[in-house]
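[1] let me see the structure of the following:
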Amino acid sequence: MNLLLCEYRDGVRVPPGNRIVYDVARNEARFGGGAASGHALVWELARDDRKEGVKLSAEVDLDAGEEYLMRCDRVDFPPGGVAYRHTHEGPGIRCLLRGAIRIESEGRSTEIGPFGAWFESGPEPVFAAASETEETAFVRVLILPRRLLGERSIRYLDEEDAAKPKVQRYTVLVDEPIEPGA
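    Below is the predicted model:
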């Protein structure tokens, strides 16, 4: 299965399915189908990645015996904010909305600017450092085990980091079970 992120600058209407439509101007997300009249991001679980507007595609392994959900959330950092080394219980594609962020993972450091996208596998440790001079925000869609419905998926690798105050704000926009075969 592929997780796709598609970008549509002039609006979009998509049919029902395992997808999330994010209206950039309204900061609203909907699961299933839907429309946005302006700039929109659409994450979709699909069998192939040959779709219009694909910005990033990543193969995700879904265990046939497991039930999953799609979560769309937004993370906002103040200037100089960091996300200490952590993992998630599932893969996801992120898209930076504003500011700048440096992602360190798999021995690489990548600088990302507005509407740049990146994939995180879930179990691979990640460290993120937001811009020192401006507010930074990204929106992401994760594929998670359904048992995490309403629960956080992050796990900090160092106990002392887990105990530190977090400066980022985390807002869940959509948390919906995936429909098998949709």
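[2] quick check, central residue of the chain?
    Arg140 (1.7 Å; C-alpha atoms, centre = their mean).
[3] tell me which element that residue falls in.
    strand 136-145 (DSSP states H and E).
[4] got a list of what the residue nearest to the centre of the chain touches?
    For Arg140, the contact set (C-beta atoms under 8 Å, 6 or more residues apart in numbering) comprises 72-75, 92-95. In short, each C-beta sits where N, CA and C put it, glycine included.
[5] per-residue confidence at it?
    In this model, Arg140 is scored at 98, pLDDT.
[6] picking that back up, distance from the strand holding Arg140 to the middle of the chain?
    How far strand 136-145 lies from its chain's middle: 2 Å, per C-alpha atoms, centre = their mean, to the nearest Å.
[7] and the residue of the chain most remote from its centre, what's its pLDDT?
    Distance from the C-alpha centroid of the chain peaks at Glu160, with 25.5 Å (C-alpha atoms, centre = their mean). pLDDT recorded at Glu160 is 94.
[8] now do the SS call for it.
    Three-state call for Glu160 (DSSP: H, G, I helix; E, B strand; the rest coil): helix.
[9] next one: Asp49
    Quick answer, by three-state DSSP: Asp49 is coil.
[10] how close does the residue farthest from the centre of the chain sit to Ile154?
    16 Å (C-beta to C-beta, to the nearest Å).
[11] go on, Gly81?
    15 Å.
[12] and the chain, what are its domains?
    Domain assignment for the chain by automatic domain parsing gives 2-59, 68-177.
[13] thinking again about what came up before, so if I had to pick from Gly81 and Ile154, which one is more boxed in?
    Ranked by neighbour count (other C-beta atoms under 10 Å), Gly81 and Ile154 place Gly81 first, with 21 against 14.
[14] check contacts around that one.
    Here Gly81 is in contact with 129-130, 136, 167-168 (C-beta under 8 Å, 6+ apart).
[15] low-confidence bits of this structure, can you list those?
    Applying pLDDT under 70 to the chain picks out residues 181-182.
[16] any chance you could map the helices in it?
    Ranges of helices in the chain, per DSSP state H, are 159-163.
[17] Ile101 touches Phe127, doesn't it?
    No: under the criterion of C-beta atoms under 8 Å, Ile101 is not in contact with Phe127, lying 10.7 Å apart.
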